[in-house]
Each structure stands twice: as structure tokens, then as C-alpha cells.
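Student: What shape does this take:
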Amino acid sequence: ANTQACVHSKLSTPTIMAAVAARPCVAKLSSKSFHGVALKSTARPVALAARRTAQPVQMMAATLDVKKVDGATSGTATLDVKTAGANSAGLVHKYLVITQQNARRGTASTLTRAEVRGGGKKPFKQKGTGNARLGSRRTPLKPGGGVVFGPKPKDWSITMNKKERRLAMSSALQNAAGSMTVVEDLDGQFETKKTKEMVKALSALGVNAGDNAVLCVKEVTDAIKLSGRNIKGLKICSLDNLSIYDVLRADKLVFDNSSISKINETYSA
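Tutor: This next block holds a predicted model:
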């Protein structure tokens, strides 16, 4: 220490300043740095913001054949709705989970030992029987006793923004355009209410036996309902009752002209 003091005492102030200037540059400490490391970087937030930029909503059109009940082509229709593009998978999955979770009734219920009837009297005396001590027959350790941490009635419903729901549904419909068929309006059809007529019509429209199919019409009449209710795997509904689970599960989607027009009107704006 004494030697270093002597050395420093012999160096003049200009010499020391020149030596410091010749050393490698050291990061200056400021309010935005800690031990020379910048606390706030301008490059990283910009990069993260660029990476988090939402994909723009896209308009995609698909041309579909319009068929008669006997399967003959009578024209074309256009499915022109919004789609989330690269974000479609996550958005559709989110809506599907919400749809299934909101379908839970949440009525499962069990009784705790405080709610089970009986158990007020001590079954046997504390000592002298050779058994383990027992104060109530309603203990969770005995058959007929209460349930520990059992289910209770619960509201499982969760919400999703209306615009997100619509975008998810339109993205699912656009993705299913390849398995979609348009049929002329079924007003006045299936008046005999025979299942074989519905089977014949579906077969002409490309629905095979055993397929999970959805027939979406403007109005579910008694004739249409009774004609198709015994067909396995077929769901008949109006557009208001069509769920995203039905769209994703179906092997074949059959819409009438009125439903396609309403889809374009609802999901393209």
C-alpha cells in the first residue's frame, strides 16, 4: 500500500488523466443502468411489439355448388366471410373450449359430514372394545358418511367477446368450405315425413351412411324434423342454433340458400 501511494504521489495529474483516457470505454452509470447494464432498452420493446402485432382480419371467398334435392346442380353460391388468418387455430380453439365449458350444468353435489343425516350418538364407548375410537358414524372413513372435498353446485360459465365469437365462427365456417354443400330451400319438401326420403336426399347431396352431418336450414319444420330424427349422426338445426362444435365435428355440412345468405350477411360485416 505504501509503495502504491509513493507511485501515485510521483504521478502528475495530467499523467493520470491521460492513462484513464487510454483505458477501454466503461459504460456510464445512469438512472437507466445498473452496473453498466441498461435497464430500459429501446430495441427489445420494439422487437416484442413487432412480434406481438395481431394478424389482420382477412376476407376469403369460396364458391359452392347449389344443388337440388335430387342432387342435380342448379347454380353456384359464394361463401364470403371474415377469417382470422394465422390466428384462426387459437381463436377457434378458445371458442370451442368456452362452448363446451358453458354446457356444463354444474349441479353435481355431495354431502359433507355436517350435512349427512344422523351420527349424533357415539357408536360405542371410547375404551375397552379393542376398536379404534369413533365419535360418529358419519365420519368420511365409514360407508354412508360424509364426503371430503366433494363437488358442490358451481357456475362453470365463462365469457368471450362478441367480436371474437363471430370471428372464430366465421373462421371455422370458411375452413369447412371444402366439406360444405348448398341445397335449394327445402320449403314444401319431405311432406310425407318419411326417413327414407331424407336418406335418399342426403345421399344425393354427398352425405354417406355413418357420416356426422349437419343440415342447417332457414326454419326447422315438423316435416324436416320428423324425416331426419332417426338418422344416426345427423343434426338438423337453424343457423341460430348452429354451434362451433357442430361445424368442427361434421364430416359434411349441408346449408340451404337462405342460410348461406344469412351467413354472408352476419359474418362478412
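Student: I'd like to know how many residues surround the closest residue to residue 251 other than its chain neighbours.
Tutor: Spatial nearest neighbour of residue 251, excluding adjacent residues (CB to CB, 6 or more residues apart in numbering): residue 211 at 4.2 Å. C-beta coordinates here come from the backbone N, C-alpha and C atoms, glycine included. Residues lying near residue 211 (other CB atoms under 10 Å) number 15.
Student: quick one: contacts of stretch 221-238?
Tutor: 186, 189-195, 197-199, 202, 207, 210-220, 246, 250, 259 (CB atoms under 8 Å, 6 or more residues apart in numbering).
Student: Taking those, please make a PyMOL selection of just the buried ones.
Tutor: The PyMOL command for the buried members of the contacts of stretch 221-238 (criterion: 16 or more other CB atoms under 10 Å) is given here:
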select buried, resi 186+189+190+193+197+198+199+202+207+213+214+215+216+217+218+220+246+250+259
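Student: By mean pLDDT, which helix or strand of this structure comes out lowest?
Tutor: strand 33-34 (a mean of 41; mean pLDDT, DSSP states H and E).
Student: Quick check: pLDDT value at the residue nearest to residue 251.
Tutor: You'll see residue 211 listed with a pLDDT of 90.
Student: For it, give its distance to residue 240.
Tutor: Residue 211 sits 24 Å away from residue 240, going by CB to CB, to the nearest Å.
Student: circling back: would the residue nearest to residue 251 count as being in a strand?
Tutor: No. Residue 211: not assigned to a strand; according to DSSP: H, G, I helix; E, B strand; the rest coil it is coil.
Student: Check which residues of the host helix or strand of residue 224 are buried.
Tutor: In the assignment (DSSP states H and E), residue 224 maps to helix 222-228. By neighbour count on 16+ other CB under 10 Å, the buried set for helix 222-228 is 223-224, 226-228.
Student: Redo those residues as a markdown table? Include pLDDT.
Tutor: Listed next are the buried residues of helix 222-228 as a markdown table, based on pLDDT from 0 to 100:
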| residue | pLDDT |
| --- | --- |
| 223 | 93 |
| 224 | 93 |
| 226 | 94 |
| 227 | 93 |
| 228 | 92 |
